[in-house]
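J.: Got a sequence here, can you model it:
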Amino acid sequence: MHYDRELTEQRLARVLNERIRPAVHARSVPLRVEIWNVPGEPVPVHEGLSAPYRPARVGDRWGPAWSTSWFRVSGSIPAEWAGLPVEAVLDLGFSPHSPGFSAEGLVHRADGTAVKALNPRNTWLPVTASAAGGEEVVRYIEAAANPVVMHTAPDRLTFGPTSVGGRAPWLGDPAADPGEPLYRLRRLDLAVFDREVHELVQDLEVLGQLMQELPVESPRRWQILRAVEHALDAVDLQDVGGSAAAARAALAPALAAPASASAHRISAVGHAHIDTAWLWPLRETVRKVARTVSNVTQLMDDHPEFRFVMSQAQQLAWLKEHRPDVYERAREKVKTGQFLPTGSLWVEPDTNLSGGESLVRQFVHGKRFYVEEFGVETEEMWLPDTFGYNAALPQLMKLAGVRWFLTQKISWNTTNKFPHHTFWWEGIDGTRIFSHFPPVDSYNGDLSGADIAHSVRNFQDKAAANHSLIPFGYGDGGGGPTREMLARAARLADLEGSARVTLERPATFFARAHAEYEANGGAPVWSGELYLEFHRGTLTSQLATKQGNRRSEHLLREAELWAATAAVRHGHPYPYEALDRLWKTVLLHQFHDILPGTSIAWVHREAEETYQAVARELEQIVEDAQRALAGPGEGRVVFNAAPHARGDVPALGAAVRTGPAEGNVPPVADGDGFLLDNGLIRVTVDARGLITSAHDRTADREALPPGAVANLLQLHQDFPNQWDAWDVDAFHRNTVRDLTDAESVTAAEGAVRVVRAFGASRIEQHLTLPAGSRRLVIDTVVDWHEKEKLLKAAFPLDVRAAHSSAEIPFGHVERPTHTNTSWDAAKFEVCAHRFLHVGERDWGAALVNDSTYGHDVTRDVRPDGGTTTTVRLSLLRAPRFPDPDTDQGTHRLRYALVVGAGIADAVREGYHFNLPERVRQGSTPVAPLLSVDHAGVVVEAVKLADDRSGDIVVRLYESHGTRARATLTAGFPFTSATTTDLLERPLDDPTSHQVTGDTVRLTLRPFQILTLRFRLTR
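T.: Modelled structure (predicted):
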């Protein structure tokens, strides 16, 4: 017998799509349609229900970009449908894109309760399982006309404005003209749901997809092909419903064949990745959450085996506030064990850019919400879509009570394939967390044959394990799992030729995977950061957003410190509610498409306004507390929120200053340039405004290589192959313009002023050298109007540095300066927070900054035999997608070269640079609430306990990468000092501290984080 395999496969595709699938809802009647176009922003449900509707019909256009329309659909179920299941088919004119990227809808009953959502892959609505015949149906649809900002072509994504007709990115600007209606009503019907035909569709899909993934020479593939052919022969194309049972019978033997005993096992976990903002604003995410949760809770009614995880507490908090009916449905399903609060975080943040204390509060507020609202203590960190993971996270997870970590983003590496899918991740302090990267390489799985087969083929750890996890459900813009996905899972539970698929909790998978590895000698270990070899431009895009975050983080530190000090010293009211709210606002904006600068203009303009409001409120909290502390009088009280003393001003305290403050040394003319000399370092600036010498007078050593210049601004062409705002590709280095021409180089008050113009932009820099400091400060104002350019500042240094040391949360990470391996070479753009240090064993230099994260470090050997290590800061970018005006306008940023610096100096100067002194009128010095006698032990937070007990909570860490024995002295009487977790709950840790009188003796390992809770003597 001869089989034409391709002919049968083509036949299956056409018959399934053109005849069988449409027959699921073949018997239908149209619904009456009425519309109300909302003027302006979305309205509450009760307004939508009571609005003045007008008649509409299929074929009508609706929805200019970002607008909302309410539809009222109504009709009568025909009498002849009595006893049959009836659904509504509601196609609002959906585009072929994935759910969440275009129009969406949420259907309501007349009482305002939500039923389920509508999107391009989910257009059905349950009406009744058994019609009586003649009953009237009325439903209301809140329809969002969200535009398609990122075009999805059949073979690729397109990322720039010209590639999508020139208009799509501008749709991300709320000030832009919304234009004409984007959508046209396509189908709004009542229909009989033919369950047998629906099940036939699922049978054919599962077997057809499995068949495509099996080798052509596999007997199983040919057996399936024969069964499919017999089933298609059994289908009467003019009576699909009447012949569906016979077709299913032909497929039954193929579906009943069990999987092999050695088949890979997959834990399928329902999931909907909902970007808290991205190609839509925050307000739209509030509605996306309601739609997705409505969908999954409706599915849970019909599928008790279905488990769904939701990983961002902020989104559930929105749901509670804006859609309490949907929230209560979620709470009901938490009790049944189907709806699983997961992830332990307030949002899914960027973990390269967020500060250490911010990441602590992500855990605190996330886990606390889950405990208080659902009684659930989450044990996993679920973070599938963040652009790299800093090496402090394992310790933070452990201190938050987290046992497991899941992501898949490292599968996006463009140079090196990560060697494991299940492994222990070891942080900079030695803490290890059991981790899993789903080999499906997606957080938006659909349990298709391709998903399952790729998971099996791709799994790296076959020799030691046989389990992996698939997060399934439409995501990014939400949507979640569908009934079709659940049908696939049921058929793939035990099917020959496929992995075995089980619907279950993440915790069940992790426990089983851990036990499996332990039985086979243990899982492999990956030590250090999880660097994503992709999306490096996120370290620089949208400077104003990054500056708002950095400033907010430091203001929050100051507000808590001074408010706690004033509360303990003077009984000043501690602003619990305000700090809680402000922290949550900052945490929200650390979401991994806001802080990285990869959202539409709408998102970033709102973020800038929000950060300004946050700063105003925090500045007021700081001022109120400091005025209470400074007391009356006409003197000058200088406050120092940094963890290291500044001259006579103690760390975390304040001193009365009687004489004038030391200022900047004045520039002295030196030929055509200027000289800055404070006795510690001597800096020469030439007529071009470039630094030609930075001499360490103490060590008698020149920092710059012979003939080199520093603070060299360099302009690169910056047009990556894809993902404009996300990526900086290595070839940007091939095209560079040194900005050496200066309009003017002059002496200003205590500064050398340099002005440059290039293209359509202008830069003004003030170079200052404070008295008594090794820090040369470059204060930069840029009026930036370039397109697709990258601006860097280069500092070549005469050091043979084997590695750079870049600050990350609660420590620093060392990265090689060579490119011996592809792993080293791929790190051509890296993240550093307040400092990046390079040096030899006895001498080094650091660059500190107030808002820059992207850096690169290169090393070269000169003809004279010396080595030049060049550090460059990435200052500004100008991508055109998704915000075509990214970074356009005026910016002020500061960075500084610290000459003759070790790691200890870099740590100290990084804090000082970001936490300037504050001066208040008064007469009272302020003794710190606590002091530490070891420069390497840094106090990161001082606050009152969240439970309002009045206890003082102190978080500190070892910052130099060495063991530390230190004494903490309290400036208040206390009865106990207890080690706690991040949520301020007691931990059993007898080795980290010992209490003697008013002191606490600390013993810390390198980069250890310690939280102490002091109960005051009352």
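J.: Phi, psi for residue 265 please.
T.: For residue 265, the backbone dihedrals are phi -110, psi 130 (criterion: degrees, to the nearest 10).
J.: What pLDDT does the model give the residue positioned nearest the centre of the chain?
T.: What sits nearest the mean C-alpha location of the chain, by C-alpha atoms, centre = their mean, is residue 592, with 2.1 Å. The per-residue pLDDT reported for residue 592 equals 98.
J.: I'd guessed it sits against residue 349; true?
T.: Yes: using C-beta atoms under 8 Å, residue 592 is in contact with residue 349, at 6.1 Å. Every C-beta, even on glycine, is put in place using the N, C-alpha and C of the backbone.
J.: Now do the same contact list for the residue nearest to the centre of the chain.
T.: 275, 348-350, 385-387 (C-beta atoms under 8 Å, 6 or more residues apart in numbering).
J.: Repeat the analysis, applying 10 Å as the threshold.
T.: 275-278, 347-354, 383-388, 409, 535, 538, 598 (C-beta atoms under 10 Å, 6 or more residues apart in numbering).
J.: For residue 211, see how far away it is.
T.: Residue 592 sits 38 Å away from residue 211, taking C-beta to C-beta, to the nearest Å as the criterion.
J.: quick one on the thing from earlier: hey, what's in contact with both of residue 592 and residue 349?
T.: With C-beta under 10 Å, 6+ apart, residue 592 and residue 349 have common neighbours 276, 383, 386.
J.: Who wins on neighbours among these?
T.: Most neighbours among these, by other C-beta atoms under 10 Å: residue 276, with 27 neighbours.
J.: Is it correct that that residue falls within a strand?
T.: No: with DSSP: H, G, I helix; E, B strand; the rest coil as the criterion, residue 276 is assigned coil and is not in a strand.
J.: Could you find the closest non-adjacent residue to it?
T.: residue 591 (4.2 Å; C-beta to C-beta, 6 or more residues apart in numbering).
J.: Name whatever forms a beta bridge with the one you found.
T.: Per DSSP bridges, the residues bridged to residue 591 are residue 349.
J.: One more: residue 477?
T.: residue 274.
J.: got a list of what it touches?
T.: 97-102, 104, 119, 146, 272-275, 278-280, 284-285, 288, 291-292.
J.: Show me those that map onto helices.
T.: Judged by DSSP state H, the contacts of residue 477 include 284-285, 288, 291-292 as members of helices.
J.: can I get these in a markdown table with pLDDT?
T.: Shown next, in a markdown table, are those (pLDDT from 0 to 100):
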| residue | pLDDT |
| --- | --- |
| 284 | 97 |
| 285 | 98 |
| 288 | 98 |
| 291 | 98 |
| 292 | 98 |
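J.: Put together a markdown table for these, with neighbour count and distance to residue 639 on each row.
T.: A markdown table is the format used below for the ones in helices among the contacts of residue 477 (neighbours: other C-beta atoms under 10 Å; distance: C-beta to C-beta, whole Å):
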| residue | neighbour count | distance to residue 639 |
| --- | --- | --- |
| 284 | 23 | 42 |
| 285 | 23 | 39 |
| 288 | 28 | 44 |
| 291 | 30 | 48 |
| 292 | 33 | 47 |
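J.: how far away is residue 932 from residue 967?
T.: Applying C-beta to C-beta, the value for residue 932 to residue 967 is 7 Å.
J.: More neighbours: the two, which one.
T.: Applying other C-beta under 10 Å to residue 932 and residue 967 shows that residue 932 carries more neighbours, namely 23 against 14.
J.: wait, doesn't that one sit right on residue 959?
T.: No: if you go by C-beta atoms under 10 Å, residue 932 and residue 959 don't touch, sitting 11.1 Å apart.
J.: which residues do those two both contact?
T.: 643, 938.
J.: any idea how far residue 706 is from the residue lying closest to residue 410 once chain neighbours are set aside?
T.: For residue 410, ignoring the flanking residues on the chain, the nearest one in space by C-beta to C-beta, 6+ apart is residue 418 at 4.8 Å. As judged by C-beta to C-beta, residue 418 and residue 706 stand 42 Å apart.
J.: neighbour count winner among those two?
T.: The neighbour comparison of residue 418 against residue 706 (other C-beta under 10 Å) goes to residue 418, with 15 against 11.
J.: what's the distance between the more buried one and residue 496?
T.: For residue 418, the distance to residue 496 - C-beta to C-beta - is 31 Å.
J.: what about the strands in the stretch 51-200 of the chain?
T.: For the stretch 51-200 of the chain, applying DSSP state E, counting those that start in this stretch gives strands covering 54-56, 61-62, 68-76, 86-91, 104-108, 114-118, 124-128, 136-144, 183-184, 187-192.
J.: no no, the stretch 251-400 of the chain
T.: Going by DSSP E, counting those that start in this stretch, the stretch 251-400 of the chain shows strands at 265-271, 308-312, 339-345, 380-382.
J.: what would these look like in JSON lines with mean neighbour count and mean pLDDT?
T.: Listed next are the strands of the stretch 251-400 of the chain as JSON lines, based on neighbours: other C-beta atoms under 10 Å; pLDDT from 0 to 100:
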{"stretch": "strand 265-271", "mean neighbour count": "26", "mean pLDDT": "98"}
{"stretch": "strand 308-312", "mean neighbour count": "26", "mean pLDDT": "97"}
{"stretch": "strand 339-345", "mean neighbour count": "26", "mean pLDDT": "97"}
{"stretch": "strand 380-382", "mean neighbour count": "27", "mean pLDDT": "97"}
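J.: right, and these - which one's nearest residue 788?
T.: Set against residue 788 and scored by C-beta to C-beta, these come closest in strand 308-312, at 32.9 Å.
J.: now the angle from that closest one to strand 265-271?
T.: Interaxial angle, strand 308-312 versus strand 265-271 (axes from the mean of the first three to the mean of the last three C-alpha atoms, to 10 degrees): 60 degrees.
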